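[1] sequence and predicted structure, then a few things I'm wondering about:
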Amino acid sequence: MTDRLEVLKAAIKAHGEAFVSIIPNHNPCGVVHADADQWDMLVSAGDAEKKARADLMPTEQDAIDLMHQAHLRLRELGWREAIYCPKDGSEFDVVEAGSTGIHRAHYFGTWPTGGWMVAGDGDLWPSHPCLYRPTAAELADREERAKRFRQLANDNRPRTIFSDDVDPAAREEVKS
């Protein structure tokens, strides 16, 4: 799989380079002028990228499995499902299926009828992120809550004479 992934990465890079050579300003809204050789180069690079993707993920299930593994890995890297993002209007990082970028977003409205907006190029765009990255303040708050919960659970747990925090002399007294 590693070899097929490297082939896909190389094909994506070649396709991008072919595209940039024809459209140096990355202006997708304008008219593109390309001669036949440039067009053939772009189509060929696109076909190579598509073939590399098909080799890496020949079936729909293979693609779903790879998407699932990517989701799990992002969770391991600290990302969480977008539904758990802050709902106070603050900004946070998001990733969205179909995009390769990490974008700044905020949640607007009241849960669950609000939505996400991504900031970019001086504008806001509707978004449907799948994951968000908790901020440092949110992580610190979560750790503090977990610490308080552990303390509360420890304070309220049932104790016997065999509990770790019982004085050993009291154990001896009970035995006699």
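    Structure's in. What do you need? Residues are numbered from 1 along each chain as shown.
[2] neighbours of residue 101, how many?
    Neighbours of residue 101 under the rule other Cβ atoms under 10 Å: 10. For every residue, glycine as well, the C-beta is placed using N, CA and C.
[3] tell me the secondary structure of it, please.
    Secondary structure, DSSP: H, G, I helix; E, B strand; the rest coil: residue 101 is coil.
[4] quick check: it vs residue 131, distance?
    13 Å (Cβ to Cβ, to the nearest Å).
[5] overlap in contacts of the two?
    Residues touching both residue 101 and residue 131 by Cβ atoms under 8 Å, 6 or more residues apart in numbering: residue 95.
[6] so where is the chain shaky, pLDDT-wise?
    Where the chain drops to pLDDT under 70, the residues are 1, 20-32, 157-176.
[7] need the strands for it, in chain order.
    Using DSSP state E, the strands of the chain run over 80-81, 91-95, 103-108, 115-120, 123-127, 131-133.
[8] name the surrounding residues that touch the first one.
    Where contact means Cβ under 8 Å, 6+ apart, the residues beyond strand 80-81 that reach it are 130-134.
[9] for PyMOL, write a command that selects the buried ones of the residues you listed.
    Listed next is the PyMOL selection for buried residues among those, using 16 or more other Cβ atoms under 10 Å:
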select buried, resi 130+131+132+133+134
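[10] dump the strands of the chain into TSV; add distance to residue 64 as well.
    As requested, the strands of the chain are exported to TSV (distance: least, Cβ to Cβ, whole Å):
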stretch	distance to residue 64
strand 80-81	18
strand 91-95	17
strand 103-108	24
strand 115-120	24
strand 123-127	22
strand 131-133	17
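[11] residue 52: which of these is closest?
    strand 91-95 (22.3 Å; Cβ to Cβ).
[12] what's the closest one in contact with?
    For strand 91-95, the external contacting residues (Cβ under 8 Å, 6+ apart) are 74, 79, 82, 85-86, 101-106, 116, 118-119, 127, 129-135.
[13] repeat that for 7 Å
    By Cβ atoms under 7 Å, 6 or more residues apart in numbering, the residues outside strand 91-95 that reach it are 74, 82, 85-86, 102-106, 116, 118, 127, 129-133, 135.
[14] mind listing what residue 3 touches?
    For residue 3, the contact set (Cβ under 7 Å, 6+ apart) is empty.
[15] quick check: the gap between it and residue 62.
    Separation of residue 3 from residue 62 (Cβ to Cβ) stands at 15 Å.
[16] how about the contacts made by residue 135?
    Residue 135 touches residue 92, counting by Cβ under 7 Å, 6+ apart.
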